[in-house]
Structure formats: structure tokens, C-alpha cells
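>>> Mind folding the following:
(2 chains)
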There are 2 protein chains.
Amino acid sequence: MNGQTLHLGIAGLGTVGAGVVRLLRENAQAITARAGRTIEVVAVSARDRTRDRGVDLAGLTWHDDPIALASDPKVDVVLELIGGAEGSARTLVETALKAGKPVVTANKALLAIHGAALATLARENNTSLLFEASVAGGIPAIKLVREGLAADNLVRVGGILNGTCNYILTAMRESGRDFGDILAEAQALGYAEADPSTDVDGWDAAHKLAILAGLAFGQPVRFDSLHVEGIRNIAACDQAFAREMGYRIKLLGSARRDEQGAIEASMRPCMVPQSAPIANVDGVFNAVLTEGAFSGPMLIEGRGAGAGPTASAVMADVIDLARGTALPVWGMDPRPEIACAPRENLAGQYYLRLFVQDRPGVVADITAALRDYGVSLRALSQHAAEEAGKAASSQTVVPLALVTHETSEAAMLSVLTALEPLETVVGTPLLMKIETV
Amino acid sequence: MNGQTLHLGIAGLGTVGAGVVRLLRENAQAITARAGRTIEVVAVSARDRTRDRGVDLAGLTWHDDPIALASDPKVDVVLELIGGAEGSARTLVETALKAGKPVVTANKALLAIHGAALATLARENNTSLLFEASVAGGIPAIKLVREGLAADNLVRVGGILNGTCNYILTAMRESGRDFGDILAEAQALGYAEADPSTDVDGWDAAHKLAILAGLAFGQPVRFDSLHVEGIRNIAACDQAFAREMGYRIKLLGSARRDEQGAIEASMRPCMVPQSAPIANVDGVFNAVLTEGAFSGPMLIEGRGAGAGPTASAVMADVIDLARGTALPVWGMDPRPEIACAPRENLAGQYYLRLFVQDRPGVVADITAALRDYGVSLRALSQHAAEEAGKAASSQTVVPLALVTHETSEAAMLSVLTALEPLETVVGTPLLMKIETV
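The predicted model follows:
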């Protein structure tokens, strides 16, 4: 096929799909030089034929059913830009791979949940499935981990993988305002969806972490074994405590492999030291961090979403296909999924914030629970009632923050259970890991 | 060749060469899985057979003459880890390529100065020349720019590319001490060479910038057309002025391409805003920054030198060779070298520091020179004599810092010429560009 024009079929003409068409036209000359052949869009599929997408689609074959792209003989490569782990996105990818047709996708949910099966399907049909755009937008995170660090023994991979959450946490820190306020503002600005749960509950970021972990460790990670927490429970007082203690709050993904090969992976709000490079990745920016036995620590930051960055990543994959340098999904022959170790196995320092009734003996009850589970206290801070905001409405309730020395997550979960019956502890406690990135 | 063992010959067994042997042995299983075949060192060459390098070399063929690796029929791939733009490193690489044997090198000077000719040689002999380890140690900068951002139109590439200089500048900032002091300390700690000129005069970093620019713009850049300045003239007072004005001083490489295709490239000490991510890349760490029309700004930081990171980069190239995914040197078919625009074409805000005699009228003379060349002053700061350190020995001399509004570098060079005859200006002025990265 080398030397001949490579023909693309694009399913999904949202901002990313339209961005791919625009990128390909604006940079046609350079892309041809790098790919060693011309690349052209020949067919598209989207729901609404009449919508103005800001790009000229004249002359392209229009398929109402995206699955038809897989069997269109004019299409050499299918670009799946529909999204979602199931439905027509999944069917299209499976149909194309079964037909021996390479697929490029930006679909993180599909890869995180069905990546093991899709890798096998691609291998059986001797074709390729590429997904650079699925993680961290324009940042070539897949290529970095799978190829750039291919020789190293990676012990950790992770990062800030959701721009909406990072925007909200940054704005909360800078303004002192509550989660709900900032979310509403982000929705008005278009930084958050009308239904924000995929973002703010951590699922989008967790999908990306699962993909990075699979690449770093050469083996797909069972998605439902990841520990996932979102940012809804972060209160304004947590940002104040974090500042006072020299930390920042980030929705941080972290996957580690120990010497026995066990994998720990979580996507959760964490405290990170203010001076850590990742603490200064703010707003909608994403960052991917790696730690290798030989390469040491590395951090790459850039735009994690948007039409331009995502189109750049999609087309980098297409160029790899055109050059014939596409790699297997997980960087090696398919291997079975591996489940992560249970959350209880994690260890570290923890931040525990409680809303408590402001009366004598409360702290004694709480510290007794810590003692009972062998958790050693490093710092304690209690703010006055007026700082507690809404939680202080009907009775005098104040926020109390505790920071522990190194302990196990199992012990912290036992402490939480022990605190449940206490009438003096109000509402839901917030437990955050302190990461020394 | 796929499926068969890939046999390596290593020329140069310094810390990097020994690191490659160690990495290959420690990570053998993962490397085989990723490469799709086993990889083995079969032959080596170095000056001293008897030195203990901490790795077992028993059973390997020893060549006293490195060039012999190119003709050893057991060797499939030559690893050139000798260094230097000329001499046996260059001869070995040319001989191997002429024999159709792929080469992996960590040699930045060779690529920066002879990259255009070597790309043609590799192409003519239908073989590969890979050099991931030549730029920024363990950071996969080559792969990032050449493949990860292959589809984008890069308008800028650069970064902090010399760990020795970044260590010295960081230590000067933190301690308030002079360049000479810190250099001596860095030499004692092994962070600087006995002859530090390749590092502190900017050449090593400039070689790396030339390579990055060639990759970003798809065309080798003529090395002697880069503007290169080192860090010897940075004084303790410059660090004090920078802090006072909200900046940090970094030896920063920057290559930009304008819409007409002209390239501006310089490696020089610059002022960067304290809040910029690159301002916080400290100590021996390196960082590579890119800016793409589609991908936006991106920054990757990590260890820029050392046995482990460099070995990781060398072996990532070897895995690409083993997989058959190696690309042409500049990411496309060889193109002729392009010269950078002259330094005078640069524009921006500038920092100008002078040592001046502390008497009336001095500032008037200097600001008159700025006015004569249309340079508008944004800020001026003069420190008292006791802050000027050594320069204040025989007469009362004080440091004076001026910051301009946007102007051309041509105008600033004219100002420098106009200041030369002034008796009140003592010693060598320091001109730094202010980069708003």
C-alpha cells in the first residue's frame, strides 16, 4: 500500500471529527512528507447531515449508518470518533477489525473496558487499533509510554487526566468558593457537560489511567478493579486546610507495580506538596507522569482536550499507519487482563476531614479511633464555625482536619467505620491520600 | 530478520555504555516481549580492557579499534557511545551506514553538525540512524517531536537542555553566590567537567536545540547559524535583579518558524516569568517545550543525563529497530540544510545589565542611547555599591538593570555599540532576552 493514497472514513463529526478534517487540509503538505504518501478523507458518518461544522464535506460519501464505513471498499482506515464504551462505537470498531481494517479511535471508555478483547481481535485479524487521542488529548502519552519508555521498567504511571476536574479544583482554590458554584460556572463556560458525572465522579480520568497502566505494565488492567473517587465531596474548607498545610488538591491517577508484579491503581482526589511540579499543573491542562527504574521521574503537561489537540493525536496515529509503524495495542502480544490489588493494600499518609460538633471531648473520641487502629497523627487543625460555611446551619459544626503519618488504607477505612456511630461527627468524612509526587 | 536475535556491538563503555549492558540484562524479559525478539550484546570496543565497569563482559568479542564493529559480521546494529562530532565516532557511524548497518547513537554534536549528510548517507544505504539519547537523556524528545506531533504544524520547539548549566543557575539563585564559586563546587560534585566550556558556553545545549529544530521543522538547521551564548557572564546581581522583577534566569533554547518558513534559533540565558512552568524546572533536570498550531503548548521534564536515563533512550531506539519501525533521520526524506535568520531579526523584551560608575549623568547617557535607537524603557533598577561584589573594587561601580518594552534585537545591539565609548560603563554588559514561555 506504500506510496498509494491512504483513504480515511470518519465516524462522528463533532468538534474532534471536524478538527481532523481541518488539520488534514491545513497541514496536507507536511503530513504527506511525514507519512510518505497522501492521506485523504473519502467517507463520513454522523447523525445530522445538515449541521454546519465549519468544514467543507462536499464530495465525501455520507453513510447514515456508521457501521457501513467498515464495509465501504473505498475506506482503508476507520476513524471512530463517536465515543462511548458500547453501542455503535463498539460495534463499528469490532466490525472494522474483523474486516481486517485498521481503526484509529479517541475512545477512552472503549479501550479501558474492552481493550483486552479488542487487542486480541486486532491480532487475530492481523490489523491495528490505535488510540493516542484517548488519553490526555494532544499529549502523545501513549507513544511516550509504549515506545519512548519501552526499554525501561516502569514502576509508576499516572497524572492529572481530566481537564474539567482540574479546572474546577483550580477555580475553587483560587476563589475560595464551593464545588457547586464553580461547577455551575464551568457548565456556563462550556468546560463541563450538562450531566457532569462522567467527569466529576472520576470515570473519564479513570478510563485514561487504566489505559496508561496497561501500556506501562504491558498488560491490560481490569477496569472495575480500579479504585475511583470523584471530586464532589471536596469542600471550600479542604482547599483552606490544604493551603495552610502546604498542599494542593488534585484529582490524581496513580498506578504502581511492585516487585512481585502486583498493581495498585486509583483515581482519586489527593493532596500533593505545593512545590511538586504536578501541583502547578492548573486549569484545563493535563499532565502525565511516569517513573522508571532507569529513566527516573518524568512529567509531560499540555492541553488534554479540545478539537486541535485531539485532532493532532488522531492524525499522528494515522501517520503511523501510513508509515507502517503501528504497534500492537499493549505494545506486545495480547496478554490476559490483570486485576488491581484491593484498595486496602494501599499505604501512605492520609488527610481526613470531618465536620464535627463543636463541643468538648470530640477530638478525644476521634483520636481514640485512630489509636485503636494503630494510626499515628502528624497534624490536626480545626477551623472556627464561620469558616465551615453551609454545614454550620442548624447547630455549631466545625471542620476538623487530621493528617496521619504513614499507615495503611485498611487502617484508615477501619477508622472511618469506627467514626460512623459517633453523633458528634456530622455528614460524610473526606479521606484523601497524600502523594509525594 | 524478525523473530531472530538482534546482535548489538557497543563502541564506548563509559557510564552510558555500561548502563546499556546493565539495562539490557535487567529488563531482558520485557524488552524481548516489546521488541518481538531477543536482543543481545555480542561485541564491544573501548580504550581500556582492564577497567572495572561494574558489568560482566565475559564472552563478548573485544575490538580495540571501534571501526571494526562496523565490519564484524556478528554485529547487526552498531551503538556509537564514544561522543564527539569528529574522530572515531564520526568514522564509525559513516562506516557502519555505508555497510548498510543501522546505527544508534547518543552523539548530539555529530547529529547537530553532520546530521544532514548522515541522513543522506543512511537513506542511500537503505538503513537507519537513530539518536533518541542525543537530546535530553531519558526524555523521549525525538519521538515526541518526530512522531507524537508529526501531524501538527509546530511553530516552536526549545527548552532547558543542559543539566550542568541548569544546576549552576539554580544554585546561584538559591545561594546568592557567584558563577565561579558554584562552578568549582559543581566540578567537585561531578556535575561539571574539568573543562566545562562545552557545557557552560552553551554548545552542548545548542547541539540539542539544532536537532530538535530539525525534527520540528522537517529539515536540518545549519548549526553555525544558531545564536549561542553561555552563562559565564551571569553575575550574582543578575539573579538579584531577576528575583526583584519576578523572573528566573534559565539557559533556554528556542527555535521558532514564522509563516514564511524563516527559522529563528538561539540558545542563550533568558529571563522567564517565575510563574512559567519552565521557570520551575530546577537543578540537573531538563525540559523540552513545544508549541503547535493544533496541539498547543506542551512541556516535558525529566532527567537529561546519567547512565540510567540515557541507556533507557538508547534501548528504546534499539527496540524500534528490532520491531522494524525506525524512521528517517528528520522524519521524512532528506532535505537540504536551512540557515537560521540572523540574530538581528529577533524581537522581544530585553534585560540589559551594566556596571556603571556611580555619578550624576550616567543614567541620562544610557537612556539617551536607548532613545536614539527607538527602544522604550519599561523598568530601571540600580543596586547600591555593596551589592555589586567584586566589580566595585578600585572605584565605585554599581550594577544597573534596564528592562525594555518590545523592541528588535538589532536595536539592542546598536545600543550596546553606542554604550561602548562611554567611560562610565565598566566591563562587559549583559543582554538577556525576556521569554514569556
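>>> and the nearest residue to A:Leu226 once chain neighbours are set aside, which of the three is it?
Spatially, and ignoring its direct neighbours in sequence, A:Leu226 is nearest to A:Ala265 (4.9 Å; Cβ to Cβ, 6 or more residues apart in numbering or on different chains). Placement of C-beta: from N, CA and C, glycine included. What DSSP: H, G, I helix; E, B strand; the rest coil gives for A:Ala265 is strand.
>>> Who are the contact partners of A:Ala265?
A:209-210, A:213, A:221, A:225-227, A:253-256, A:340 (Cβ atoms under 8 Å, 6 or more residues apart in numbering or on different chains).
>>> Burial check on A:Pro399, number of neighbours?
Applying other Cβ atoms under 10 Å in any protein chain shown, we find 25 residues neighbouring A:Pro399.
>>> what's the answer for A:Arg371, then?
12.
>>> Give me the pLDDT value at it.
A:Arg371 is assigned 97 on the pLDDT scale.
>>> what's the answer for the one 4 residues further on, then?
The confidence metric pLDDT takes the value 97 at A:Val375.
>>> Skip the chain neighbours and tell me the closest residue to it.
A:Thr407 (4.8 Å).
>>> same check, this time on A:Val16
A:Thr310 (4.7 Å).
>>> does the one you found really touch A:Gly137, like I thought?
Yes - with contact defined as Cβ atoms under 8 Å, A:Thr310 reaches A:Gly137; the gap is 5.2 Å.
>>> So which of the contacts of A:Ala265 sit within strands?
Counting by DSSP state E, these place A:227, A:253-256 in strands.
>>> Out of those, which is nearest to B:Arg323?
Among those, A:Ala255 lies closest to B:Arg323 (Cβ to Cβ), at 24.5 Å.
>>> near chain B, anything from stretch A:69-86?
No - using Cβ under 8 Å from any Cβ of the partner chain, we find that stretch A:69-86 stays clear of chain B, coming within 12.6 Å at best.
>>> How far off centre is that stretch?
24 Å (Cα atoms, centre = their mean, to the nearest Å).
>>> That stretch spans what distance, first to last residue?
End-to-end span of stretch A:69-86 (Cα to Cα, to the nearest Å): 17 Å.
>>> Among the ones in strands among the contacts of A:Ala265, name the buried ones.
Neighbour-count burial (16 or more other Cβ atoms under 10 Å in any protein chain shown) is assigned, among those, to A:227, A:253-256.
>>> Would you point out the most distant pair within the ones in strands among the contacts of A:Ala265?
A:His227 and A:Arg256 (12.4 Å).
>>> Now do the helices in chain A.
Secondary structure of chain A by DSSP state H: the helices cover A:15-26, A:28-35, A:68-71, A:87-98, A:108-124, A:141-143, A:163-175, A:179-189, A:197-200, A:203-217, A:236-245, A:307-323, A:362-372, A:409-419.
>>> and the third one, what does it pack onto?
If you count contacts as 3 or more Cβ pairs under 8 Å, 6 or more residues apart in numbering or on different chains; DSSP states H and E, helix A:68-71 packs onto strand A:6-11, strand A:39-45, helix A:87-98.
>>> nearest residue to A:Ser197 other than its sequence neighbours?
Nearest in space to A:Ser197, with sequence neighbours left out and distances taken as Cβ to Cβ, 6+ apart, is A:Trp203 at 7.5 Å.
>>> pLDDT score for that neighbour?
In this model, A:Trp203 is scored at 98, pLDDT.
>>> What of A:Leu252?
Confidence score, pLDDT, at A:Leu252: 98.
>>> With adjacent residues omitted, what lies nearest to it?
A:Cys270 (4.2 Å).
>>> close to chain B, is stretch A:141-152?
Yes - under the criterion of Cβ under 8 Å from any Cβ, chain B is reached by stretch A:141-152 at A:143-144, A:147-152.
>>> distance between that stretch and the chain's centre?
Its chain's C-alpha centre lies 18 Å from the corresponding centre of stretch A:141-152 when counted by Cα atoms, centre = their mean.
>>> and if you look at stretch A:367-374?
The answer for stretch A:367-374 is 34 Å, by Cα atoms, centre = their mean.
>>> Which residues does that stretch contact?
Residues from elsewhere that reach stretch A:367-374, judged by Cβ under 8 Å, 6+ apart: A:376-377, A:380, A:402, A:404, A:407, A:411-412, A:414-415, A:418-419.
>>> With respect to B:Ser45, which of these is nearest?
Among these, A:Thr407 lies closest to B:Ser45 (Cβ to Cβ), at 53.1 Å.
>>> residues near the closest one, how many?
Around A:Thr407 sit 18 other residues, with neighbours defined as other Cβ under 10 Å.
>>> For it, list the residues it contacts.
For A:Thr407, the contacting residues are A:347-350, A:374-376, by Cβ under 8 Å, 6+ apart.
>>> Just give the closest residue to A:Leu321, not the sequence neighbours.
Leaving aside its chain neighbours, A:Leu321 sits nearest to A:Pro102 (5.4 Å; criterion: Cβ to Cβ, 6+ apart).
>>> whoops, A:Asp365 was the one
Once flanking residues are discounted, A:Asp365 sits nearest to A:Leu422: 5.8 Å by Cβ to Cβ, 6+ apart.
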